[in-house]
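*Asks:* have a look at this prediction, sequence included:
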Amino acid sequence: MIAVDTNILVYAHRRDHQWHERAAQCVAELAESGVRWSIPWPCVHEFFAVVTRAGIFKPPSTGAQALAQIDAWFAAPACEPFGESAIHLDTLKRLAQGSKLVGGAIHDARIAAICIDHRVSELWSADRDFSRFPGLKTRNPLVAAWRS
């Protein structure tokens, strides 16, 4: 299963972003491929917060636009959103203690733990910070073509 991080989703949604065309193409190809994929719930929440924030985009996406985009992604037949599992805290502790994480890095550890617990084969992200988490393979699909 492939999981998609917030930044790829934001780029795919925001037509005014320099990476929009490539990100939109990657997400569309993934959604149409039939390969199981997911958007972890924390990434859904973060996507909604980022694209609707006036301090980041002028004009920001409306709440209705953001929700319509989320609905479109979730309508893809092979998209399976997921969140924390029953063993989430154990996995999060292991990641946080192993990398001595604090502060904002805990948000990334939360996403990494969710992906690890759900046996994600690859997390698509433009954020290199995820490379610090053992057991989670990451790839930036914007710099390398993806094919099923």
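*Replies:* Yep, that arrived.
*Asks:* what comes up buried for the worst-scoring helix or strand of the chain on mean pLDDT?
*Replies:* Within the chain, confidence by mean pLDDT, DSSP states H and E is lowest for helix 88-99 among all helices and strands, at a mean of 92. If you call a residue buried by 16 or more other Cβ atoms under 10 Å, then helix 88-99 has these buried ones: 91, 92, 94, 95, 96. From N, CA and C alone the C-beta is placed, and that goes for glycine too.
*Asks:* next helix or strand past it?
*Replies:* helix 105-117 (DSSP states H and E).
*Asks:* sheet partners, orientation included, of the helix or strand just after that next one?
*Replies:* Following helix 105-117 in sequence order, the next helix or strand is strand 122-124 (DSSP H and E). Strand 122-124 pairs in its sheet with strand 2-4 (parallel), strand 138-139 (parallel), by DSSP bridges.
*Asks:* report the distance from the last one to the chain centre.
*Replies:* Distance of strand 138-139 from its chain centroid, counting by Cα atoms, centre = their mean, to the nearest Å, is 11 Å.
*Asks:* what does the first one give?
*Replies:* Averaged C-alpha coordinates place strand 2-4 at 6 Å from its chain's average position (Cα atoms, centre = their mean).
*Asks:* tell me the angle the next helix or strand after it makes with helix 105-117.
*Replies:* The helix or strand immediately downstream of strand 2-4 is helix 6-13, counting by DSSP H and E. If you take axes from the mean of the first three to the mean of the last three Cα atoms, to 10 degrees, helix 6-13 sits at 90 degrees to helix 105-117.
*Asks:* just checking, what packs against helix 6-13?
*Replies:* Packed against helix 6-13 by the contact rule (3 or more Cβ pairs under 8 Å, 6 or more residues apart in numbering; DSSP states H and E) you find helix 20-33, helix 41-51, helix 63-74.
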